Every structure is written in structure tokens, then in C-alpha cells.
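Trainee: Structure of the sequence below:
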Amino acid sequence: MKIVIIDGQGGRMGKMVVEQLKEKHPSLQLIAIGTNSIATAAMMKAGADYGATGENPVVVASKDADIIIGPIGIVIADSMIGEVTPAIAMAIGQSKAEKILIPVNKCNSHVVGAQNLPMSEYIKQVVEITDELIKNM
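Mentor: Residues are numbered from 1 along each chain as shown. Purely as a prediction, here's the structure:
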């Protein structure tokens, strides 16, 4: 199973996802891709098995990923202060992978119906959804 975690900025969200998934599933292989090297480093330090940085790793990893996890901005071109290129957004959007998108109401994007929860609660929900997807694959 190929699980790809994508994050940008400081990588805090991706770091939390990696930590929680590794805590529950230590043998799970996680691929961390940062839109910048700081995000990648944060996810690698948290325990990701593989890491890469930039547009091309996202495009390549999205082709055959089973699950892609990240903030909702990863499917919105030019979001995250321009870190998400149109090619990144398109690659993730066109991927056959199950996508678990965390609603972050920043970068002029608001998710109607999403609750304003602490990040830790969103990460808990990410782990629960990932667990369910793993069971059904």
C-alpha cells in the first residue's frame, strides 16, 4: 500500500499525520513529500520512511498512490502562498488514490460545512479514515 502525505509551509500538519499513523501502524510505509524542504524535513523527523521535495515527486507519487493525505490546499493551484503549482494540484486531483483532505480555511479557501476544530482533532479523524480505507483495500 502506497500512502503519500503532502504538506508545505513548516510541515506541522504533515508531521502530526506521520506521527499519529506511525504510532498506530508502525510498519506502515509512509512517503512524505513537502512542497519545500522544511516541510519534508519535519515529516521525515516524525518518522516517514521516504521523503522528497517539490513538484515532480508529487506528480510521480500521485500516479500510483493508494491514499493521499494533506491539507485541502494541495488540490488548489497557487494555494499555500504559491507552493502548490497547477501541476501539483492537477496530479493529485487526477490521481485514482483515495484523498483525505484536511479542511484548513486559509489562502482564501473556505470549506462550507467543515467544523472549526483543533488540528489535533482533524489528525485524529485522518487516522480513523485511513484505518477504514486500509481495511477495505
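Trainee: Number of residues surrounding Thr130?
Mentor: 21 (other CB atoms under 10 Å). Using the backbone N, CA and C atoms, a C-beta is placed for each residue, glycine as well.
Trainee: Please name the residues that touch it.
Mentor: 3, 21, 67, 69, 100 (CB atoms under 8 Å, 6 or more residues apart in numbering).
Trainee: Please indicate which of the residues you listed has the highest neighbour count?
Mentor: Ile69 (28 neighbours).
Trainee: Sort out for me which of the contacts of Thr130 are in helices.
Mentor: Here DSSP state H is the test, and the contacts of Thr130 give Leu21 as lying in helices.
Trainee: Give me the nearest residue to the residue nearest to the spatial centre of the chain, chain neighbours excluded.
Mentor: Closest residue to the average C-alpha location of the chain: Gly70 at 2.4 Å, with CA atoms, centre = their mean. The shortest distance from Gly70 to any residue other than its chain neighbours is 3.9 Å, reached at Ile6 (CB to CB, 6 or more residues apart in numbering).
Trainee: Show me the contact partners of the helix or strand hosting the one you found.
Mentor: For Ile6, the enclosing helix or strand under DSSP states H and E is strand 3-7. With contacts defined as CB under 8 Å, 6+ apart, strand 3-7 is touched by 13-15, 17-18, 21, 28-35, 39, 42-43, 48, 58, 61-62, 65-71, 74, 88, 92, 97, 130.
Trainee: Could you list the paired strands of that strand along with their orientation?
Mentor: strand 30-34 (parallel), strand 67-71 (parallel) (DSSP bridges).
Trainee: Tell me if Ala52 really is in a helix.
Mentor: No. Ala52 sits outside any helix when classified using DSSP: H, G, I helix; E, B strand; the rest coil, being strand.
Trainee: Identify the bridge partners of the residue lying closest to it once chain neighbours are set aside.
Mentor: The shortest distance from Ala52 to any residue other than its chain neighbours is 5.3 Å, reached at Ile33 (CB to CB, 6+ apart). According to DSSP bridges, the partner residues bridging Ile33 are Ile6, Ala52.
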